[in-house]
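# coordinates only, no sequence provided:
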């Protein structure tokens, strides 16, 4: 009896194309997208070079001592060097951007502006630096105008910025953000196994489906039916997760190594 | 032996009383029809009998013992054909029948034989490898029936099995139920189609608003109401004085002549020789007539008389 219910349940579930798509094919497709979209992110970050940018050397820039100091500290040579700046007039900066020698042009006027030719990681970093600077200056100005006495504490806070999250590794390996995405994908695939459970519940409950009503009228102990169904669902979802892991480990990993 | 004995069954859904002291006795070997309009409590009563629903009051006995969800010895001899198609779309025709039969019969060899017999019985031999989605509505109904009868139950319950079925398939289903009854199965058949119930059932229980209104054979039920046959005669012209005299004839309840379509309608109570008396009168008055029709009272008339509503309302 157990094998009868179990084997037919396996057939029922395996032939449910919609569920097989969401629980097996969808995670595999998503993993492939992850691989192509973020696959080179780690290697790009490992070989990070200071971002080349041009600064328009105009009167406003020379007068803005604070901003100049910030840019100089960011382009100071060393392991934390973020920018590689070139001072140039407007025409020269435009030419550098046009020929691709710099990722963007920083212009100081009434506001601080950024000119880029294309979107990319370097351009995004430049944009973030400028936005952070403008945001901090505005915050400081606002606080000082309302409470001039807080100026020294404010300067201290800005110089001593704290990070409240800490990245640790459970093993000797260096934490890898990219790998985290794939682990999250495996977790999602495990979570999607609940769909099998949902289907089982609907098919066994008399008030949820006519099939459930017919099975409830049968002289088979409900515990047998529930256990057989659950085992069939577990077997399928376990196999699916194994297939996903195998795809990640053998197909995507091999492709990554081949590059 | 009484196969099903339901006494004073009460089932409430909040404030709605779905079954109101409902009674039902199904003797062995009969085809008992539960007739009532939609929402009259037919399916609720079946679900209570099968222990699929808890009820508030009353008793339900099947094969002489109380029916409970774990009454496996009684369930072994019950077959159910639901109103909704209760098959798995992922299993083929033969697999579906084998699966549901396997919930009742353990021995694989016996099961194979029973599955084959069920397929032959409903005439799905050439479709046995088809998936349900590939079957027409009528064939799907037949598969639904095969899944309910394959284990050869002593008690078969059909809950509106012909809803949305074409006339040919409907006749096949009804003939199949008769055959199952001839083979020894006791049948409970619920429907709101009075013609089906009248044609098929040896006993009819009329229910409305969860109550048993009447119980008996079709003839017994019709005899309960004060209405006999209705005679329709095509007459080109009828003198109003003659119409008045027809109204005075024995057993005439109502007489009406429509000049627009030239038809005389005469309704009777349960008297005899009504047609002969009427035709004799028309001959005596030298009234020429064309075609003559007679119609016996239907179960709809019975329902109308008892509730003031038609069955299809």
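That came in fine, so what should we check first? Predicted model only: the values in this text are computed from it and were never measured.
# assign a three-state SS to residue B:238, would you?
Of the three states, residue B:238 takes coil under DSSP: H, G, I helix; E, B strand; the rest coil.
# spatially nearest residue to the most centrally placed residue in chain A (excluding sequence neighbours)?
The residue at the geometric middle of chain A, judged as the C-alpha nearest the mean C-alpha position with Cα atoms, centre = their mean, is residue A:181 (6.7 Å). Setting aside the residues directly before and after it, residue A:181 is nearest to residue A:34 in space (Cβ to Cβ, 6 or more residues apart in numbering or on different chains), at 5.5 Å. Just so you know, the C-beta spots here come from the backbone N, C-alpha and C atoms, and that holds for glycine as well.
# picking that back up, in a helix, the residue nearest to the centre of chain A, correct?
Yes - according to three-state DSSP, the state of residue A:181 is that of a helix.
# report the separation between it and residue A:165.
Residue A:181 sits 18 Å away from residue A:165, going by Cβ to Cβ, to the nearest Å.
# what does chain A put close to chain B?
Residues of chain A found near chain B, taking Cβ under 8 Å from any Cβ of the partner chain as the criterion, are A:1, A:4-5, A:8, A:11-16, A:203, A:206-207, A:209-211, A:213-222.
# give me the pLDDT for the residue nearest to the centre of chain A.
As summarised for this prediction, residue A:181 has a pLDDT of 85.
# how about residue A:39?
The predicted local distance difference test score for residue A:39 is 67.
# so the residue nearest to the centre of chain A touches residue A:38, yeah?
Yes - under the contact definition of Cβ atoms under 8 Å, residue A:181 touches residue A:38, with a separation of 6.4 Å.
# where does residue B:40 sit: helix, strand or coil?
Following three-state DSSP, the label given to residue B:40 is coil.
# residue A:230: how many residues sit nearby?
Here the count is done by other Cβ atoms under 10 Å in any protein chain shown, and residue A:230 has 17 residues near it.
# right, I mislabeled it, should have said residue B:182
With neighbours defined by other Cβ under 10 Å, the count for residue B:182 comes to 9.
# kindly provide the distance from it to chain A.
Counting by Cβ to the nearest Cβ, to the nearest Å, the gap from residue B:182 to chain A is 24 Å.
# doesn't residue A:257 lie inside a helix?
Yes - judged by three-state DSSP, residue A:257 forms part of a helix.
# what sits against it?
Contacts were defined as Cβ atoms under 8 Å, 6 or more residues apart in numbering or on different chains; by that measure residue A:257 touches no other residue.
# then residue A:225?
Counting by Cβ under 8 Å, 6+ apart, the residues that residue A:225 touches are A:5, A:204, A:215.
# just name the shakiest helix or strand of chain B by mean pLDDT.
Counting by mean pLDDT, DSSP states H and E, the weakest-scoring helix or strand in chain B turns out to be helix B:299-307, with a mean of 81.
# so what touches that helix?
Residues from elsewhere that reach helix B:299-307, judged by Cβ under 8 Å, 6+ apart: B:35, B:37, B:194, B:197-198, B:204, B:206, B:208, B:213-214, B:218, B:221-222, B:224-227, B:309-312.
# what about the contacts of residue A:225, which are in strands?
Helix and strand membership here follows DSSP state E; of the contacts of residue A:225, not one is in strands.
# list the buried ones in stretch A:131-141?
Counting neighbours by 16 or more other Cβ atoms under 10 Å in any protein chain shown, one finds that the buried residues in stretch A:131-141 are A:133, A:140.
# chain center to it, what's the gap?
How far stretch A:131-141 lies from its chain's middle: 27 Å, per Cα atoms, centre = their mean, to the nearest Å.
# that older thread, buried ones only from the residues of chain A next to chain B, please, as a PyMOL command.
Only the buried entries of the residues of chain A next to chain B go into this PyMOL selection, using 16+ other Cβ under 10 Å:
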select buried, chain A and resi 4+5+8+11+12+13+16+203+206+209+210+211+213+214+215+216+217+218+219+220
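# closest to residue A:120 out of the contacts of residue A:225?
Sorting the contacts of residue A:225 by distance to residue A:120 puts residue A:204 at the head of the list, at 53.8 Å, by Cβ to Cβ.
# what about the residue lying closest to that closest one once chain neighbours are set aside, how many residues nearby?
Among residues not flanking residue A:204 along the chain, residue A:212 sits closest, at 5.3 Å (Cβ to Cβ, 6+ apart). The number of residues packed near residue A:212 is 20, by other Cβ under 10 Å.
# hang on, residue A:212 packs against residue A:206?
Yes - proximity of residue A:212 to residue A:206 meets the contact threshold set by Cβ under 8 Å, at 4.9 Å.
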